[in-house]
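Asker: show me how the following folds:
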Amino acid sequence: MPNGERGMMDEKTIWAALADVVDPEIPVVSLVEMGIVREVLVGETAVTVTITPTFSGCPALHVMKQDIITRLQALGCPTVIVETTLHPPWSSDWISNEGRRKLKAFGLAPPQRHGGNVVVTFFDPVPCPYCDSLNTTVKNEFGPTLCRAIHYCNDCQQPFEQFKPL
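Answerer: Next up, the predicted model:
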């Protein structure tokens, strides 16, 4: 709801609106569900949104920023500032449970939670998002984007991508 004194939205309303902004590379999940949106600050004259991209050289960074600005301006925020921070670096552990569910339903194996021990997860079997089999093999460590790998399920014979644990 708008704040009568400042004409600005409250933080809860901003977060709810940001939940509508989808990841440009995986449009079934929002930037909030991916853990990319890190902070919202509602100031006297502007809303500042801080994001952390999945990779420092993320090719979708400009699109994400513009989509956030467009969504919040449509909500009535006259000035929207989107800041990027790389510290701490984005972690796949930040993907919400709902985001993980949506990734799997989309056919993209969600990354395992690793708590910072990524070495272990790179060698763990990846469950097939279609049949949940662990009888899968890596076909290519690099998928269509830096954050994905290509796997094959030996049981249901489906190729699939995995969002890498980072």
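
Asker: pretty sure Val22 is touching Glu33, no?
Answerer: No: if you go by CB atoms under 8 Å, Val22 and Glu33 don't touch, sitting 9.1 Å apart. For glycine as for every other residue, the C-beta is placed from the backbone atoms N, C-alpha and C.

Asker: more neighbours, the two?
Answerer: Ranked by neighbour count (other CB atoms under 10 Å), Val22 and Glu33 place Glu33 first, with 23 against 18.

Asker: quick check: closest non-adjacent residue to the more buried one.
Answerer: Sequence neighbours aside, Gly99 is the residue nearest to Glu33 in space, at 3.3 Å (criterion: CB to CB, 6 or more residues apart in numbering).

Asker: A helix includes that neighbour, no?
Answerer: Yes: Gly99: assigned to a helix according to DSSP: H, G, I helix; E, B strand; the rest coil.

Asker: what about it, how many neighbours?
Answerer: By the criterion of other CB under 10 Å, Gly99 has 23 neighbours.

Asker: same thing with Gly76?
Answerer: A count of nearby residues for Gly76, using other CB under 10 Å, gives 12.

Asker: spit out the contact partners of the residue nearest to Arg100 when sequence neighbours are not counted.
Answerer: Nearest residue to Arg100, sequence neighbours excluded (CB to CB, 6+ apart): Pro110, at 3.9 Å. Neighbour list for Pro110: Ile95, Gly99, Arg100, Arg101, Leu103, Lys104, Pro129, Gln162, Phe163 [criterion: CB atoms under 8 Å, 6 or more residues apart in numbering].

Asker: buried subset of those?
Answerer: For those, a burial check counting by 16 or more other CB atoms under 10 Å picks out Ile95, Gly99, Arg100, Leu103, Lys104, Pro129, Gln162, Phe163.

Asker: would you mind checking which of these is nearest to Arg38?
Answerer: Here the nearest of the buried ones among the contacts of Pro110 to Arg38, counting by CB to CB, is Ile95; it sits at 13.2 Å.

Asker: ok, that closest one - contacts?
Answerer: If you count contacts by CB under 8 Å, 6+ apart, Ile95 has them with Val29, Glu33, Met34, Gly35, Leu103, Pro110, Pro111, Phe163.

Asker: same question, Pro129
Answerer: Applying CB under 8 Å, 6+ apart to Pro129 gives the contacts Leu103, Lys104, Ala105, Phe106, Gly107, Leu108, Ala109, Pro110, Phe160.

Asker: one more pass at 7 Å, please.
Answerer: Lys104, Gly107, Leu108, Ala109, Phe160 (CB atoms under 7 Å, 6 or more residues apart in numbering).
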